[in-house]
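Asker: Quick one, structure for this:
(one chain, ligands or ions: 1)
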Amino acid sequence: MTTSTAPLSQDELKTLVGQAAVRYVTPGDIVGVGTGSTVNKFIDALAPIKDQIKGAVSSSVASTERLKALGITVFDANEVESLSVYIDGADEIDGKGYMVKGGGAALTREKIVAAMAERFVCIADASKLVDALGTFPLPVEVIPMAAQQIARRFAALGGTATLRLKDGQPLVTDNGQHILDVRGLRVADPLAFESDVNQWPGVVTVGVFAHQKASICLLGTAEGVKTINY
Ligand SMILES: O=C(CO)[C@H](O)[C@H](O)COP(=O)(O)O
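Answerer: Model (predicted):
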């Protein structure tokens with residue numbers, strides 16, 4: 001008789017990488033924690049070792065609430081000088097560790113916390129690995145009064161920017177701003193693209209993470225968790 005094993009679902013792959021990320025947490029750490037469904041698995045996996053860590057710096061209201069519900073202390077980023085590790089998901093990650101992030105609208109705080117950390121450990125299921133960034137609609141957090149001006153600048157580059165909505169209204173981020181999702185862009189040079197767009201008046205943060213790229217990716221695959229070092 002032959003037995004076949006069903007392939008792991010995307011959710012199961014997220015659980016695997018969330019659990020695998022715990023080994024990058026050192027006792028006594030304050031851990032940088034990202035946002036999203038994959039990070040939620042990591043937060044859940046932190047719970048059993050919560051007494052071994054000092055706490056976390058969180059990148060969103062949602063992650064803060066989840067951490068606190070598990071009894072993990074959440075520090076304000078201003079109270080902490082640096083972090084040894086920041087753990088977060090991605091919408092896309094390429095072969096150099098450059099990422100697109102912001103599908104969960106938390107990109108600005110994610111970049112701030114990532115910038116505090118010595119290492120960025122990206123946790124992602126295999127669907128997030130890409131040859132080149134640009135298929136996932138690029139999130140850009142913007143000051144509302146600048147949204148149309150910024151959308152026109154993306155149109156000049158060949159992109160189509162749409163205001164992200166929630167319940168029929170413009171989504172308001174944790175920072176009180178709006179999100180544009182830009183389709184049809186090719187991000188050939190992520191470092192230059194990030195620097196350029198971040199200079200546009202009214203852009204709070206562009207969701208290309210090239211200056212704050214991943215140091216390591218824990219990729220959930222059918223064969224298990226693959227560790228990619230950049
Ligand atoms: O950037 C993010 C949130 O702003 C997330 O890391 C990204 O959207 C991936 O989310 P998920 O783990 O739910 O697939």
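
Asker: Those residues of the protein touching the ligand, which are they?
Answerer: Within the chain, the residues that sit near the ligand (C-beta under 6 Å from any ligand atom) are 34-38, 88-91, 101-107, 110. Just so you know, the C-beta spots here come from the backbone N, C-alpha and C atoms, and that holds for glycine as well.

Asker: Go again with 5 Å.
Answerer: 35-38, 89, 91, 101-104, 106 (C-beta under 5 Å from any ligand atom).

Asker: Nearest to Asn229 among those residues?
Answerer: Among the residues of the chain next to the ligand, Gly89 lies closest to Asn229 (C-beta to C-beta), at 18.0 Å.

Asker: For the closest one, the count of nearby residues, please.
Answerer: Close neighbours of Gly89, defined as other C-beta atoms under 10 Å, add up to 27.

Asker: Quick check, pLDDT for it.
Answerer: Reading off the confidence values, Gly89 has pLDDT 98.

Asker: Not counting sequence-adjacent ones, nearest residue to it?
Answerer: Nearest residue to Gly89 in three dimensions, chain neighbours excluded: Thr38, at 3.8 Å (C-beta to C-beta, 6 or more residues apart in numbering).

Asker: Next: Ala155.
Answerer: Using C-beta to C-beta, 6+ apart and skipping residues adjacent in sequence, the residue nearest Ala155 is Ala161, 7.2 Å away.
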